[in-house]
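[1] After the sequence you'll find the predicted model.
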Amino acid sequence: VALMLFKWILKGIVLSFLLETTLSLNPDDPNVCSHWESYAVTVQESYAHPFDQIYYTRCTDILNWFKCTRHRISYKTAYRRGLRTMYRRRSQCCPGYYESGDYCIPLCTEECVHGRCVSPDTCHCEPGWGGTDCSSG
């Protein structure tokens, strides 16, 4: 029992580590967008496999010692591998933003010379500077 409990705890630790490393974007960041994506998972599934079951009945066939062969379709449980489509939510930076660490940073196609990029293609200029790229003094 202790070994089984240890295995469950170990699996939980590994799973939480994997989740932390794959979910790198901060979900509280307003510039994080998400979408649903599908992926395939291989599963083992059971199904009813038909087979021909032969049996004998009494009959009037004297040549076969009054036994006649009959057939019926029976089913037995068999297993096969199948693909199941699953869905998961994926986070990514919204359009106009790029990923940097845990956050999505706005992207300005022109460098903000005397200012900083505050949203896609929008510079916030330092005092005394203006223009779309903060280069006009």
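    Alright, I've got the coordinates. Just so it is clear, the structure is predicted and the values come from calculations on it, not from any experiment.

[2] Give me the spatial nearest neighbour of His124, chain neighbours excluded.
    Among residues not flanking His124 along the chain, Val118 sits closest, at 4.5 Å (CB to CB, 6 or more residues apart in numbering). Bear in mind the C-beta positions are built from the backbone N, C-alpha and C, glycine included.

[3] and the gap between that neighbour and Trp65?
    From Val118 across to Trp65, the span is 97 Å (CB to CB, to the nearest Å).

[4] how about the helices in this protein?
    2-22 (DSSP state H).

[5] what ranges of it fall below the confidence cut-off?
    Applying pLDDT under 70 to the chain picks out residues 1-23.

[6] Show me the strands in it, by range?
    Taking DSSP state E as the test, the strands found in the chain are 32-58, 67-93, 97-100, 103-106, 115-119, 122-125.

[7] Dump stretch 67-81 to CSV, restricted to CA.
    In CSV, the C-alpha atoms belonging to stretch 67-81 read as follows (Å, rounded to 0.1, in the frame of the first residue of the first chain):
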residue,chain,number,x,y,z
LYS,A,67,-26.5,-34.8,-36.7
CYS,A,68,-26.7,-31.6,-38.8
THR,A,69,-24.2,-28.8,-38.7
ARG,A,70,-25.5,-25.3,-38.0
HIS,A,71,-23.9,-21.9,-37.8
ARG,A,72,-24.7,-18.8,-35.8
ILE,A,73,-22.9,-15.5,-35.4
SER,A,74,-21.7,-15.0,-31.9
TYR,A,75,-19.7,-12.1,-30.4
LYS,A,76,-16.7,-12.0,-28.1
THR,A,77,-15.0,-9.0,-26.6
ALA,A,78,-11.9,-8.0,-28.5
TYR,A,79,-9.6,-5.0,-28.2
ARG,A,80,-8.1,-2.6,-30.8
ARG,A,81,-6.2,0.6,-30.8
